[in-house]
Every structure is written in structure tokens, then in C-alpha cells.
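J.: A structural model of the following input is requested.
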Amino acid sequence: EQYMNKKVNNKIYPPAFKLSKKAVWDETKIPNDVEIRSGSSLTRVSKTKNGKKNIIGEVVLQSQIGQRGGEGTVYKCNIPNKVCKIYHNDRLTMFRLKKLLEMQSKKIKISGICYPEELLYNEKRQFCGYLMNEAKGHKLQTSVMHPMVIKDKFPNWRRKQLVDLCISILEIVEQLHKANIIIGDINANNILVADYNKVYFIDCDSFRI
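T.: All right, here's what the predicted structure looks like:
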């Protein structure tokens, strides 16, 4: 319904977001027969606008970042300021692959967005994850949501800095909307705060495009 014209008080309002194509939810599992861990070497692949795939080169996984997540595990890698998200085997589906190929082909360049840049394949040419920008800072949920926590993480902040932080977050959301991308579920654990004027959005593969 949200993508249809709406009539309110005899005035027609166009949809805020226009669908360019219909998505088919295909839960067919993609095999991953290779154990992937720290030290694994993966192939970096990008998709061009005409649908062709380009092999960019190799990336080597290094240390794991944080705990194992519900969808996958994030690793540091040998490329400066980049990290890799490797999906658990049960999360590798055709729908996820097609969505990420579509996201990656759009080449979104928004500062602070850890957007899927290149897809990663194992030695058997099986899809297993993607490369993205590295996020820095503290989770919004655990650094700003309580006065005592703010004093610990950002002791020099005052109310003005909190307002500036809100504006920094909203400016990124606005840029995403202009690119026809909807965050959907705004999770304070998926926004990292480096400073009031520098934030990072993670878990971007869950965005709606």
C-alpha cells in the first residue's frame, strides 16, 4: 500500500519510494563446502551496471571482530579500513545473493555507510559474504542513551553535541532516502558514534532497496 498513490483530503500524493522491480523471495540454499576462518583467502567480485561480474582480486581474512552474529561473522582483512562479513551456511540463500548483487551494482557512496561494496567467493567459487568499509566508535545504544554513559564515553559533550549528533544521523538517513534505500528497522546497536559529527551505519545488507 505504501507504494501506491494515496488520496488525502481530495489531494493525490505520489509514493515516497518507487519500486523499480518486483523481488522474488527465493530461499534456495547456496552451498558452502569450504571452512572459512582467519587466514582464509577469498575472491573479490564486483558487478557492473550491465550485469557482468569483474574479479577484483583476493582478500585475506585476519582477526574476528566482536562475537559471532546471528547472520554471520565480521573479520578484519588485509585491506586498510575494510572488513569482511562472512555469512553462516544456513543464511546463504539465492534471495540474499541477488539482493546483494543489486545493492552492490548501485555503487552507493555515502560517508558513514558500511555498504556492501564487493561480493566474496570461496575457492570453489561459492558466494560467502561481502567487503565493506570498517566502522569505528561506540554503539549508539550503549554510549548515548543514558546521561552517566555519555559522561564516560564523551565527557566533553553538552546538549548541543547531542543535537548535532541527531542531525548527523538524520543527514545520512536523508541521503539513503534520496538513493531509494529504506533502513526499515532503525536499531541503535547498528549505529556507531565516533563523534557528534561522525557516525557509522552497520548491518546495511538488511536495508530495503
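J.: partners of the host helix or strand of residue 132 in the sheet?
T.: Here residue 132 sits within strand 127-133, counting by DSSP states H and E. Strands that pair with strand 127-133, judged by DSSP bridges, come out as strand 82-87 (antiparallel), strand 118-121 (antiparallel).
J.: who touches the longest one?
T.: In other words, strand 82-87. 36, 42, 59, 61, 65, 71-77, 96, 114, 117, 120, 128-135, 205 (CB atoms under 8 Å, 6 or more residues apart in numbering). Every residue, glycine included, has its C-beta placed from N, CA and C.
J.: just the CA trace of stretch 71-78, in PDB.
T.: Provided in PDB are the C-alpha atoms of stretch 71-78 (Å, rounded to 0.1, in the frame of the first residue of the first chain):
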ATOM      1  CA  GLU A  71      23.700 -13.900  10.300                       C
ATOM      2  CA  GLY A  72      27.500 -14.100  10.100                       C
ATOM      3  CA  THR A  73      30.900 -13.100  11.400                       C
ATOM      4  CA  VAL A  74      32.900 -10.000  10.700                       C
ATOM      5  CA  TYR A  75      36.600 -10.100  10.100                       C
ATOM      6  CA  LYS A  76      39.400  -7.600   9.700                       C
ATOM      7  CA  CYS A  77      41.300  -8.100   6.500                       C
ATOM      8  CA  ASN A  78      44.500  -7.200   4.700                       C
END
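J.: ok, residues contacting that stretch?
T.: Contact with stretch 71-78 is made by 38, 59-66, 83-88, 91, 129, 131, 134, 205, as judged by CB under 8 Å, 6+ apart.
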